[in-house]
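**Q** Structure for this input, please:
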Amino acid sequence: MKLHPSPWLSLAFSLLGCLPAQPILAQTTVIVTPEALTATGTRGETEPAIRTLAIRATEPITDLQIHALDLYSRDRDRVFPQSLITTPTAIGSVKVGTLITLPVTFNLQAAPSGEFQGSLLLSYSDDQVTVPITVRVKDAWYLPLALLILGVILGTTVSSYSRWGKTTDELTVGIETLRTQTQNDSEIPLSFASSIAVHLADAQLARDAKQLENARQSLNTAGGMWGKWFRERPEWLSTLQVGKELQSKLSEQLPTVSHAPYLQTIYSNLQTVLDNVANFGNAAALGQIINRFSQQSTRYLRILQQYRQFQQTLEELNPDALAPSDQKALQDMNSWTDAWKETLMTLQPSDSGDDPQLQSVGLAIAEANPVLNTLKQKAEDSAPVDGLREFKPGKGKAAIEASPPSEVAMPHATVTETPVAALDDTFVFNSIAALIKNPKQRLQLFAIAGYLTTIGFLAGTGFNQLYLENPTFGSSGLRDYFALLAWGFGAEATRNAITNALRRTDGARDGLL
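**A** Below is the predicted model:
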């Protein structure tokens, strides 16, 4: 089969175009150095990129010309036009052994960003040779650097807000909300309101001192106190109403009873309970205490009235009208009343609500009443006691002087001074302390310096990796810029995670030491 020469020549030229740069042209007539040209620069540069091409001929050549062609990106969607490449228009002839240098100028001021490849065509006589060209252009540095710093600043701001600002704002909103709810509730007991106010003040102080965990605990405690009141609000109000009514009744009885510690103690205990209702777990627990006080006071007043009636009846008897045996019984009853009086004057209420001594007095009076009626030899003609009359000294009656309710002593808060830690005894700290005497200014200076240093290091690292080491930055458009912004934002999160890990490690080490 006979092959035509034309297809073979086409195949040869195609293979020649795909091979890497060759310094030797066809028939080694022209030797070009370097084998390929590479230009790298920044978009918008006013100074062009100049590369030198050296040509040496092994045989005399004439009519040497250089032709610049368009350069294309890898996906051929962008073009570096040949108009931005300047070469000598015509060289003429080249003698054997003569070395000619030709400048090739790349104008990057109007060039697009990216990597472009193509060829420089050298034609002479009836032959030609191509020199591969690669041009890498990136965007100017100032916008990427500004975007990277912006990303670091955004990351630092978000990290700082997440660590301090967000929690602080949440605490502030929670404190103000709970304070408003407490102030708007006009029926909340003073005990609940005072307790909530104290915990809210502790939360606010801890928040201002950046002790956020302590502030959160105090706020949760205040919220739990408010929830305990609000969940059983009707029950609390009903129970408190019963307690106040009992307190009012006791206050009416106390002036008529002198020297009666039993009722005085119940009144004082009831006052303490009503002033500290927030200490009870629920309204039912408070109601049990109030009911116990009510039962004790009612029992005491009933037995006290029985004693007075018995004493009054006993005083109305005429001993001279009784037989000697009856007079002996009358003397026994006088002894009993003296014992009962001593018990009623010194008795204190028990915490359990059971008062065996008081019950014994009541039973003894009930048993002595029939004997007294027998001695009187007639039905009791005395009018029932109208309320409680005051015991006055003399005539064998008990004298109980009213005493004002005892005041509940409030514990005095003791303030302990915390010693101020001195600066480390080092030259650096002493020098800084000597230059900046105000501790607040030193803290502000170190905070600003720390943030600036962090931004500088993070921005420098990202700028080096994503911009300086990328010769075609900007060729991907917004993707390159967004990568810088995302790197700056994520770098602060990484730094914050490492810092927190180191803090936990240092804390664990200090705990072991």
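
**Q** roughly how far apart are the most centrally placed residue in the chain and residue 208?
**A** Among the residues of the chain, residue 167 comes closest to the average C-alpha position under C-alpha atoms, centre = their mean, at 2.9 Å. Separation of residue 167 from residue 208 (C-beta to C-beta, to the nearest Å) stands at 13 Å. Just so you know, the C-beta spots here come from the backbone N, C-alpha and C atoms, and that holds for glycine as well.

**Q** just checking, the residue nearest to the centre of the chain touches residue 214?
**A** No - the pair residue 167 / residue 214 is not scored as a contact, 11.9 Å apart, by C-beta atoms under 8 Å.

**Q** coming back round to it: so what's the residue nearest to the centre of the chain up against?
**A** Going by C-beta atoms under 8 Å, 6 or more residues apart in numbering, residue 167 touches 212, 216.

**Q** The same query, at a cut-off of 6 Å, please.
**A** By C-beta atoms under 6 Å, 6 or more residues apart in numbering, residue 167 lies in contact with residue 212.

**Q** what's the distance between it and residue 201?
**A** Residue 167 sits 18 Å away from residue 201, taking C-beta to C-beta as the criterion.

**Q** Show the pLDDT at residue 398.
**A** Residue-level confidence at residue 398 comes out at 37, pLDDT.

**Q** Then the one 5 residues further on?
**A** pLDDT for residue 403: 37.

**Q** Same question for residue 413.
**A** 35.

**Q** Quick check: buried residues in stretch 201-208?
**A** 202-204, 206-207 (16 or more other C-beta atoms under 10 Å).

**Q** Read off the pLDDT value for residue 182.
**A** Note for residue 182: predicted pLDDT of 92.

**Q** who are the neighbours in contact with it?
**A** Counting by C-beta under 6 Å, 6+ apart, residue 182 makes contact with 193, 196.

**Q** cool, the one 4 residues further on as well?
**A** Residues in contact with residue 186, defined by C-beta under 6 Å, 6+ apart, are absent; none qualify.

**Q** Would you list the phi and psi of it?
**A** phi -80, psi -20 (degrees, to the nearest 10).

**Q** Nearest residue to residue 66 in space, please, no chain neighbours.
**A** Computed as C-beta to C-beta, 6 or more residues apart in numbering, the closest residue to residue 66 that is not its neighbour in sequence is residue 87, at 4.3 Å.

**Q** what's around the one you found, how many residues?
**A** Counted with other C-beta atoms under 10 Å, residues neighbouring residue 87 total 18.

**Q** Likewise for the one 4 residues further on?
**A** Close neighbours of residue 91, defined as other C-beta under 10 Å, add up to 18.

**Q** Next up, the contacts around the closest residue to it other than its chain neighbours.
**A** Closest residue to residue 91 apart from its sequence neighbours, by C-beta to C-beta, 6+ apart: residue 64 at 4.0 Å. Listed by C-beta under 6 Å, 6+ apart, the contact partners of residue 64 are 91, 94, 124.

**Q** quick check, nearest of the residues you listed to residue 452?
**A** residue 91 (57.0 Å; C-beta to C-beta).

**Q** Quick check: the closest one vs residue 227, distance?
**A** 94 Å.

**Q** and what of residue 48?
**A** From residue 48 across to residue 227, the span is 76 Å (C-beta to C-beta).

**Q** And the two? Which one has more around it.
**A** residue 48 (17 against 10).

**Q** didn't the more buried one look like it was pressed against residue 109?
**A** No - when contacts are counted by C-beta atoms under 6 Å, residue 48 is not listed as touching residue 109 (7.7 Å).

**Q** low-scoring stretches of the stretch 301-450 of the chain, by residue?
**A** 318-323, 326, 377-430, 437, 440, 442-444, 447, 450 (pLDDT under 70).

**Q** hmm, 80 instead?
**A** 316-331, 351-354, 371-450 (pLDDT under 80).

**Q** Tell me which stretches of it form helices.
**A** 324-346, 356-376, 427-435, 439-463 (DSSP state H, counting those that start in this stretch).

**Q** what's the closest of those helices to residue 174?
**A** helix 439-463 (26.5 Å).

**Q** which non-adjacent residue is nearest residue 371?
**A** Distance criterion C-beta to C-beta, 6+ apart; nearest residue to residue 371, sequence neighbours excluded, is residue 329 at 6.6 Å.

**Q** burial of that neighbour, as a residue count?
**A** Residues near residue 329, counting by other C-beta under 10 Å: 16.

**Q** Same check on residue 231?
**A** Neighbours around residue 231, by other C-beta under 10 Å: 11.

**Q** now swap in the one 3 residues further on and tell me
**A** Residue 234 is surrounded by 8 other residues when neighbours are defined as other C-beta under 10 Å.

**Q** in what helix or strand does it lie?
**A** Using DSSP states H and E, residue 234 sits in helix 233-253.

**Q** what is the orientation angle of the next helix or strand after that helix with helix 356-376?
**A** Next helix or strand after helix 233-253 toward the C-terminus (DSSP H and E): helix 261-275. Helix 261-275 runs at 140 degrees relative to helix 356-376, counting by axes from the mean of the first three to the mean of the last three C-alpha atoms, to 10 degrees.

**Q** Quick one: the strands in the chain, in order.
**A** For the chain, strands defined by DSSP state E occupy the ranges 30-33, 37-42, 49-57, 61-68, 71-72, 79-80, 85-86, 90-94, 99-106, 114-124, 127-138.

**Q** For the residue nearest to residue 73 when sequence neighbours are not counted, give me the pLDDT.
**A** In space, and not counting its chain neighbours, residue 73 is closest to residue 114: 5.0 Å by C-beta to C-beta, 6+ apart. At residue 114, the model reports a pLDDT of 88.

**Q** Also the one 3 residues further on?
**A** In the predicted model, residue 117 carries a pLDDT score of 92.

**Q** so the nearest residue to it once chain neighbours are set aside bridges to which residues?
**A** Setting aside the residues directly before and after it, residue 117 is nearest to residue 134 in space (C-beta to C-beta, 6+ apart), at 5.3 Å. Counting by DSSP bridges, residue 134 is bridged to residue 38, residue 117.

**Q** measure the closest residue to residue 336 other than its chain neighbours to residue 111 for me?
**A** Using C-beta to C-beta, 6+ apart and skipping the chain neighbours, the partner closest in space to residue 336 is residue 368 (6.2 Å). Distance of residue 368 to residue 111, computed by C-beta to C-beta: 124 Å.

**Q** what do you get for residue 91?
**A** Distance of residue 91 to residue 111, given as C-beta to C-beta: 26 Å.

**Q** related to what we said a few turns ago, so what's the residue count around the residue nearest to residue 73?
**A** The number of residues packed near residue 114 is 25, by other C-beta under 10 Å.
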